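*Asks:* A structural model of the following input is requested.
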Amino acid sequence: MATYQEMHRIAHDPAAVRDLAKRLLKIPNHEWTDWEVDFLQNMVAHKGPDPISMRQREVLLTLRDETEYHSRISGICVNTLIKNATSV
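*Replies:* A predicted model of the protein is given here:
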């Protein structure tokens with residue numbers, strides 16, 4: 001989950017918005033909805049100077065969070081968390 005500081009930083013950095021949107025669109029074997037593709041393409045075209053809206057920040061960083069793979073959460077190996085959850 002994105003922090004307020006991260007949301008503020010990306011909102012005021014059009015290059016970061018474009019780079020993140022481009023990276024998300026290039027994820028192999030990910031099936032985006034038409035709406036998500038339109039949104040990400042709009043973010044790729046964002047030039048500034050106005051910051052993106054709070055809602056755009058939330059959506060962009062949520063899409064990022066939902067597509068990234070994590071091997072550790074709060075310093076704990078995901079495999080360990082899964083094993084412990086299934087042994088209860």
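*Asks:* CA atoms of the helix or strand Glu58 falls within as PDB?
*Replies:* In the assignment (DSSP states H and E), Glu58 maps to helix 54-67. What follows is helix 54-67, C-alpha atoms only, in PDB (Å, rounded to 0.1, in the frame of the first residue of the first chain):
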ATOM      1  CA  MET A  54      -5.600  12.000  -5.800                       C
ATOM      2  CA  ARG A  55      -7.900   9.400  -7.400                       C
ATOM      3  CA  GLN A  56      -5.400   9.000 -10.300                       C
ATOM      4  CA  ARG A  57      -2.600   8.500  -7.800                       C
ATOM      5  CA  GLU A  58      -4.600   5.900  -5.900                       C
ATOM      6  CA  VAL A  59      -5.500   4.000  -9.000                       C
ATOM      7  CA  LEU A  60      -2.000   4.000 -10.500                       C
ATOM      8  CA  LEU A  61      -0.300   2.900  -7.300                       C
ATOM      9  CA  THR A  62      -3.100   0.300  -6.600                       C
ATOM     10  CA  LEU A  63      -2.500  -1.200 -10.100                       C
ATOM     11  CA  ARG A  64       1.200  -1.300  -9.300                       C
ATOM     12  CA  ASP A  65       0.700  -3.000  -5.900                       C
ATOM     13  CA  GLU A  66      -1.700  -5.600  -7.400                       C
ATOM     14  CA  THR A  67       0.800  -6.600 -10.100                       C
END
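*Asks:* Determine how far that helix lies from the middle of the whole chain.
*Replies:* 5 Å (CA atoms, centre = their mean, to the nearest Å).
*Asks:* buried ones in it?
*Replies:* By 16 or more other CB atoms under 10 Å, the buried positions in helix 54-67 come out as 56-57, 59-61, 63-64. Backbone N, C-alpha and C define where each C-beta goes, glycine included.
*Asks:* Now do that helix: everything it contacts.
*Replies:* 1-2, 6-7, 10-11, 17, 20-21, 24, 27, 30, 36, 39-40, 43, 52 (CB atoms under 8 Å, 6 or more residues apart in numbering).
*Asks:* swap in stretch 26-44?
*Replies:* 17-18, 20-22, 24-25, 52, 56, 59-60, 63, 67.
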